[in-house]
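Asks: Sequence plus the predicted model coming up.
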Amino acid sequence: MDLDRLWKNTQEELKIVLAPAVFQTFVSKTKLINLENNTAVIACANPYLVDINHKRYYQTFKNALDNQTKNSNQLNFIVQETNFDNEKNGASSTPLFEFTPQKSSQASSLHPKYTFDTLIVGNSNNFAYAAAQGVVKNPGLSYNPFFIWGGVGVGKTHLMQAIGHELLKTNPSLKIKYFSAETFGNDLMNSLKTKTMNQFKEKYRNLDCILVDDIQFIAGKEYTQEEFFHTFNALHMNGKQVILTSDRKPSEIDHLEDRLVSRFMGGLTVDIQLPDYEMRVAIINQKIDEKGLKITPEASSFLANNIESNIREIEGKLQQLTVQSIASGGDIDLPFVQNFFNPNPNSNFQNNSALQKNPRHIISICAKHFNIKTSDLCGPSRKKDLVSARHVTAYLLLTEINLPLEEVGHLLGGRDHTSIMHARDKIHTSFSTNPQTRQLINQIKNDF
């Protein structure tokens, strides 16, 4: 009997019945190493997987294997170091952490990491993910408009931009544009001031797909709503795809015109909830892997049980955790994360409550360190030295006092959360690989 082939078929069946996040976290790192007398020995990468698979998913594994062998089997999960390579082990899907940025991404304002390959799919977003696949297969036809709503940090922007990347992968010539509702409003005001309304209409109405983030921000702005109404109609009537996100469903957005509510609800409206335990484990493992670090299964489980909020809060906590890990040179194991949540009062890692209440203090120190004015640091200029200082400031506001992305963007001149995320990721990568950046950050922190 070909055990590899048998296990590959079993895993394919498990992929159908389990959420993608569960499959990636608990099933992909298993291998059938023996099957005799209807007793299957299944190797797992670590003791944590053995425990979870036996307690939570024993019957699911058994049913899938029984279907393949046409027998009733007993399962024995064991820890064994072996080759869990996805192709050899039956997980034929694209590796979870790989992504291929599209050449058109920059022109479309798409973040290179916001693809389907890096999207964790679980119970909280499974329906929205399935609907997104429908949009990709039939843009402008299946679900148009496609309206995604949910709380802060649940992955709306990621899912929306992933659709954009996939559309470009299928047809690189498509004209796709991602922008926030706030950007649309600002562009409209500028075009009125400069008498360039024709160029404005040309910019937004001759696209194949628009991805509009935080559409709730046009509420109460009469002229912006008027112009977006006409932009929406121009695109929709020509079979172009419209994708929108909001923090609430269309009917619950105060001061949004009825005609816009009607159009927004004319396609498919889906919501995304907070991630469940399995999804949080998958997110934690993914984010740690992206940073080139390792975390023990026990530590992942502890974090998933203690960070029960949105994805951004998970990212924020992991950012702090990895910074401390790099600084201390220690592994991310269970004692390490337990100490992270309950640090010694004498530890340097303790939170400074006065600092938490005064983010302006950090901005002031950063401005002083870079020898620039605070007004310039928080201003619109895109000069290279100001942008670099702004990135460092955003990184410190996020990692030192755990401010929300939107608040950091507001403090630094009204920038959107994707810009702040880019700044954070850029400085974190440099902090991890460049000693000069690490020294710079530590010098600024010493002045707090």
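Replies: Received it, and whenever you're ready, just let me know what you need.

Asks: can you give me the strands for this protein?
Replies: All strands of the chain, identified by DSSP state E, fall at 30-36, 39-44, 74-79, 146-150, 176-180, 209-213, 241-246, 268-272.

Asks: From the chain's centroid, how far away is stretch 138-158?
Replies: Averaging C-alpha coordinates over stretch 138-158 and over its chain gives two centres that are 14 Å apart (C-alpha atoms, centre = their mean, to the nearest Å).

Asks: can you pull the buried residues of it?
Replies: For stretch 138-158, burial by neighbour count (16 or more other C-beta atoms under 10 Å) applies to 139-140, 142-150, 153-158. Quick note: C-beta positions are derived from backbone N, CA and C, even for glycine.

Asks: ditto for stretch 386-394
Replies: Neighbour-count burial for stretch 386-394 flags 386, 389-394 (criterion: 16+ other C-beta under 10 Å).

Asks: Output those residues as CSV; include the columns pLDDT and distance to Lys291.
Replies: Formatted as CSV, the buried residues of stretch 386-394 follow (pLDDT from 0 to 100; distance: C-beta to C-beta, whole Å):
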residue, pLDDT, distance to Lys291
Leu386, 92, 27
Ala389, 94, 24
Arg390, 94, 22
His391, 94, 17
Val392, 94, 18
Thr393, 93, 21
Ala394, 92, 18
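
Asks: okay if I get the residues you listed as a markdown table plus distance to Gln133?
Replies: Putting the buried residues of stretch 386-394 into a markdown table (distance: C-beta to C-beta, whole Å) gives the following:
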| residue | distance to Gln133 |
| --- | --- |
| Leu386 | 41 |
| Ala389 | 42 |
| Arg390 | 37 |
| His391 | 35 |
| Val392 | 39 |
| Thr393 | 39 |
| Ala394 | 34 |
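
Asks: Of the residues you listed, which is the nearest to Lys70?
Replies: Proximity of those to Lys70, judged by C-beta to C-beta, is greatest for Ala394, which lies at 58.4 Å.

Asks: what sits against that closest one?
Replies: 408, 412, 420, 423-424, 427 (C-beta atoms under 8 Å, 6 or more residues apart in numbering).

Asks: Quick one, grab the pLDDT at Ile33.
Replies: You'll see Ile33 listed with a pLDDT of 91.

Asks: you'd agree it is up against Ile42?
Replies: Yes. Contact status for Ile33 versus Ile42: in contact at 7.3 Å, counting by C-beta atoms under 8 Å.

Asks: per-domain residue ranges of the chain.
Replies: Using automatic domain parsing, the domain ranges for the chain come out as 3-89, 105-272, 307-446.

Asks: Quick one: distance of the last one to the chain centre.
Replies: Spelled out, it's domain 307-446. Mean C-alpha position of domain 307-446 versus that of the full chain (C-alpha atoms, centre = their mean) differs by 18 Å.

Asks: Low-confidence regions, the stretch 251-400 of the chain specifically.
Replies: With pLDDT under 70 as the threshold, the stretch 251-400 of the chain has low-confidence stretches at 308-309, 330, 343-357.

Asks: try 50 this time
Replies: Segments of the stretch 251-400 of the chain classed as low confidence (criterion: pLDDT under 50) are 345-357.

Asks: what residues are up against the closest residue to Val261 other than its chain neighbours?
Replies: Distances taken as C-beta to C-beta, 6 or more residues apart in numbering place Pro250 nearest to Val261, at 4.7 Å, with adjacent residues excluded. Contacts for Pro250 (C-beta under 8 Å, 6+ apart) come out as 147, 149, 256, 260-261, 264-265, 269.

Asks: Reformat the strands of the chain as TSV; add distance to Asn190.
Replies: As requested, the strands of the chain are arranged in TSV below (distance: least, C-beta to C-beta, whole Å):
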stretch	distance to Asn190
strand 30-36	56
strand 39-44	58
strand 74-79	61
strand 146-150	27
strand 176-180	13
strand 209-213	18
strand 241-246	22
strand 268-272	31
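
Asks: Which one of the ones you listed lies nearest to Ala327?
Replies: strand 74-79 (31.6 Å).

Asks: CA atoms only for the closest one, dumped as CSV, please.
Replies: Taking only C-alpha atoms (Å, rounded to 0.1, in the frame of the first residue of the first chain), the coordinates of strand 74-79 have been written out as CSV:
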residue,chain,number,x,y,z
GLN,A,74,-7.8,3.1,15.1
LEU,A,75,-5.5,6.1,15.1
ASN,A,76,-2.3,6.7,17.0
PHE,A,77,-0.8,10.1,16.9
ILE,A,78,2.9,10.3,17.7
VAL,A,79,5.7,12.9,17.6
